[in-house]
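**Student:** no FASTA, just this:
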């Protein structure tokens, strides 16, 4: 086993250097995951009867708006979001009306009630960082007021509120798979009443695009384990891959970018993503993520308390550890210089949102960062990450 990551029993690796190894923001692809496992136990909503797989989750947002008849109607939408969620919603014809989100990443139900008007048809709720939003209260509001509820579970695959999986409260829910498991693509949309008939012709995404994402993730796995030359090899192959895309006239369709591409609406999840999914031990993923989150909180919580609730509720599979700092850009640069990938929690404002109406969201966009806590990271990796965070926060506050 190497310092900082779990070693695959099926893979021999060279002895790593702590200086060469990186801590990735998301889980990476291990070679043994390319072998499908028979009889896989699928969690909600994978392989659910009323679920439909997609190229990415954003295309499920578009489909849900169309399927639920929300085109041309008002949808209450959180002012704190990435960007592509809103682009998909608007592309499908819905009209957003924005509401605030608190520093704890939760929504006050009273705020929602105040914003419901005669033209309001639905509420769009994001479950941030894998933690449940105020979904019990808000689902009751929707029932009482005759509104549809759309759950954005892009961060919340494998998470529950009590004994109910997130995504099972709403009339529709969308999930993103690459954030939680190392698949090159994959999204799911699920409906309470079952999906409408799908007249669209569905096809698999181009193999060159899917293969390139999978190869990049596997090379990042080597980089995570500090294998000599892996950083240069990955950078070279990324350049070659882009050149190959241009030569073949294929859009590389970057999975990690906030772009809504209408031509991808007809694409499904790739076969390699399904194979990788079938190799996963989902219960172990949840256990490892919870353990890593709690270990981070115990080691850095005094300097960087989590934005979410102090305790980790039962059933939550945290996507990452979110925290606030007044020195966001400096903290991020210094951690990345130590080989640690750290996430910006959506600093850019979307042009459609009236910025002056949401000062609390402005604070979030200026101060929020997240730390990885995914299943690839061992106790040694979490301890390395925590030491780096303490050092950097100490430096910038001195």
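**Tutor:** Yes, it's here. Predicted model, so just to flag it, every value in this text is computed and none were measured.

**Student:** please count neighbours and contacts with C-alpha atoms only from this point.
**Tutor:** Will do.

**Student:** what about residue 343, neighbour count?
**Tutor:** Using other C-alpha atoms under 10 Å, residue 343 is surrounded by 17 other residues.

**Student:** name the residues of stretch 136-156 that are buried.
**Tutor:** 138-139, 141-142, 147-156 (16 or more other C-alpha atoms under 10 Å).

**Student:** in a markdown table, list those residues along with secondary structure and distance to residue 74.
**Tutor:** Below are the buried residues of stretch 136-156 laid out as a markdown table (DSSP: H, G, I helix; E, B strand; the rest coil; distance: C-alpha to C-alpha, whole Å):
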| residue | secondary structure | distance to residue 74 |
| --- | --- | --- |
| 138 | helix | 17 |
| 139 | helix | 17 |
| 141 | helix | 16 |
| 142 | helix | 14 |
| 147 | coil | 10 |
| 148 | strand | 11 |
| 149 | strand | 12 |
| 150 | strand | 13 |
| 151 | strand | 16 |
| 152 | strand | 17 |
| 153 | strand | 21 |
| 154 | coil | 22 |
| 155 | coil | 24 |
| 156 | coil | 25 |
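
**Student:** so residue 282 touches residue 43, yeah?
**Tutor:** Yes - taking C-alpha atoms under 8 Å as the definition, residue 282 is a contact partner of residue 43 at 7.4 Å.

**Student:** and the two? Which one has more around it.
**Tutor:** More neighbours surround residue 282 than the other of residue 282 and residue 43, with 18 against 13 (other C-alpha under 10 Å).

**Student:** tell me how far that one lies from residue 356.
**Tutor:** 42 Å (C-alpha to C-alpha, to the nearest Å).

**Student:** ok so, going back, overlap in contacts, residue 282 and residue 43.
**Tutor:** residue 158 (C-alpha atoms under 8 Å, 6 or more residues apart in numbering).

**Student:** lowest-confidence helix or strand of this structure?
**Tutor:** The weakest-scoring helix or strand in the chain, judged by mean pLDDT, DSSP states H and E, is helix 230-248 (a mean of 60).

**Student:** check which element follows that one along the chain.
**Tutor:** helix 271-278 (DSSP states H and E).

**Student:** where does the stretch 101-250 of the chain have low pLDDT?
**Tutor:** Scanning the stretch 101-250 of the chain for pLDDT under 70 picks out 195-201, 229-250.

**Student:** quick one on the thing from earlier: which among the buried residues of stretch 136-156 gets closest to residue 397?
**Tutor:** Nearest to residue 397, judged by C-alpha to C-alpha, of these is residue 155 at 30.9 Å.

**Student:** just to check, the closest one is in contact with residue 133?
**Tutor:** No - Residue 155 lies out of contact with residue 133 (C-alpha under 8 Å); the separation is 11.3 Å.

**Student:** which residues do those two both contact?
**Tutor:** With C-alpha under 8 Å, 6+ apart as the test, residue 155 and residue 133 both reach residue 127.

**Student:** how about the contacts made by residue 314?
**Tutor:** 160, 161, 162.

**Student:** tell me how far residue 215 lies from residue 76.
**Tutor:** 39 Å.

**Student:** I should have written residue 333 there, sorry.
**Tutor:** For residue 333, the distance to residue 76 - C-alpha to C-alpha - is 35 Å.

**Student:** swap in residue 356?
**Tutor:** Following C-alpha to C-alpha, the distance that separates residue 356 from residue 76 is 18 Å.

**Student:** do the same with residue 374
**Tutor:** 31 Å.

**Student:** quick one: which of residue 333 and residue 76 has more around it?
**Tutor:** Set residue 333 next to residue 76 and count neighbours by other C-alpha under 10 Å: residue 76 wins out with 23 against 14.

**Student:** buried residues, stretch 210-220. List them.
**Tutor:** Here stretch 210-220 shows 210, 212, 213, 214, 215, 216, 217, 218, 219, 220 as buried, counting by 16+ other C-alpha under 10 Å.

**Student:** quick one: which two of those are the most distant?
**Tutor:** 210 and 220 (15.5 Å).

**Student:** give me the number of residues near the residue nearest to residue 165 when sequence neighbours are not counted?
**Tutor:** Setting aside the residues directly before and after it, residue 165 is nearest to residue 159 in space (C-alpha to C-alpha, 6 or more residues apart in numbering), at 5.9 Å. By the criterion of other C-alpha under 10 Å, residue 159 has 26 neighbours.

**Student:** need the per-residue pLDDT for residue 13.
**Tutor:** pLDDT for residue 13: 37.

**Student:** wait, I meant residue 266
**Tutor:** Taking residue 266 on its own, its pLDDT is 90.

**Student:** measure how buried the closest residue to it other than its chain neighbours is and give me the count.
**Tutor:** In space, and not counting its chain neighbours, residue 266 is closest to residue 202: 4.9 Å by C-alpha to C-alpha, 6+ apart. A count of nearby residues for residue 202, using other C-alpha under 10 Å, gives 13.

**Student:** right, and residue 202 touches residue 267 too?
**Tutor:** Yes - Residue 202 is within contact range of residue 267, at 5.7 Å (criterion: C-alpha under 8 Å).

**Student:** next, the contact list for the residue nearest to residue 266, please.
**Tutor:** By C-alpha under 8 Å, 6+ apart, the neighbours of residue 202 are 266, 267, 268.

**Student:** likewise residue 50?
**Tutor:** So residue 50 contacts 190, 191, 192, 193, 194, 195 (C-alpha under 8 Å, 6+ apart).

**Student:** which stretches of the stretch 1-150 of the chain form helices?
**Tutor:** Remark: helices assigned in the stretch 1-150 of the chain by DSSP state H, counting those that start in this stretch are 58-67, 84-91, 109-115, 135-145.

**Student:** in TSV, list the ones you listed along with distance to residue 52.
**Tutor:** Formatted as TSV, the helices of the stretch 1-150 of the chain follow (distance: least, C-alpha to C-alpha, whole Å):
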stretch	distance to residue 52
helix 58-67	8
helix 84-91	17
helix 109-115	29
helix 135-145	23
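
**Student:** okay, those helices, which one's buried deepest?
**Tutor:** helix 58-67 (a mean of 24; mean count of other C-alpha atoms under 10 Å).

**Student:** how far off centre is that helix?
**Tutor:** 17 Å (C-alpha atoms, centre = their mean, to the nearest Å).
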